[in-house]
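Engineer: have a look; sequence and predicted model below, questions after that.
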Amino acid sequence: SGHDYSYIPRELYDEHPEFYMERDGRRICHEDANERAYCVSNHDFARYMAGRLTRGMRSDTAPIRLGLGHADNGNFCRCDVCSTYYDTLGISGTYLLFNNLVAGEVARRVPNAIVGTLAYGLTFEPPSFRMQPNLFPTWCPISACYAHGFDQCAPNRDRNLLGQLQQWLDKTEQLGIWYY
């Protein structure tokens, strides 16, 4: 799993502008795929992503890991629906709820598929809800001091990295850790 949203074709905007982030009342599709963001409260977009991830796969396929990581930028949708979710779940929780929706649909189509996602940047904070069993977050503590354990120096303790790791473990059946 990486920053997989970067591989969504630009042409999708022509057919479904509602899948793209809204800012100041306008849907935006950046020319640079790495700067794009999407409307993660849009359930049709979640179904589109599940279809994109499982395209060409049979339901009896061998276990496989698919990627669903947001772009490495600070852009996010500001439509009314997303904003309401942000107020309740935070940006991280809203993105992870979207990932949960996609993972649930993927599991329905291809039961052996694991959906990998990044707990990084916009999605670093652990969610308040359980993740789908087939959703495999990789926790990416980029700001950690790696010369010490997560509980063995002031910067790591101040960031409560060990506590965050435990919160993630409480919300998912599987978790990877990205070691920088």
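Structural biologist: All right, it came through fine. For clarity, every value in this text was computed on a predicted model and none was experimentally measured. Numbers count the residues shown, from 1 in each chain.
Engineer: least confident secondary structure element in this protein?
Structural biologist: strand 64-67 (a mean of 89; mean pLDDT, DSSP states H and E).
Engineer: in this protein, where's the longest strand?
Structural biologist: Counting residues, the longest strand found in the chain (DSSP state E) is strand 113-119.
Engineer: tell me what the following helix or strand past that strand is packed against?
Structural biologist: The helix or strand immediately downstream of strand 113-119 is strand 135-139, counting by DSSP states H and E. Judged by 3 or more C-beta pairs under 8 Å, 6 or more residues apart in numbering; DSSP states H and E, the packing partners of strand 135-139 are helix 80-109, strand 113-119, helix 161-171, strand 176-177. No exception for glycine: its C-beta is placed from N, CA and C like everyone else's.
Engineer: now tabulate those in a markdown table and tack on mean pLDDT, distance to residue 126 and mean neighbour count.
Structural biologist: Below are the helices and strands packed on strand 135-139 laid out as a markdown table (pLDDT from 0 to 100; distance: least, C-beta to C-beta, whole Å; neighbours: other C-beta atoms under 10 Å):
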| stretch | mean pLDDT | distance to residue 126 | mean neighbour count |
| --- | --- | --- | --- |
| helix 80-109 | 97 | 8 | 19 |
| strand 113-119 | 94 | 7 | 24 |
| helix 161-171 | 96 | 4 | 15 |
| strand 176-177 | 94 | 13 | 14 |
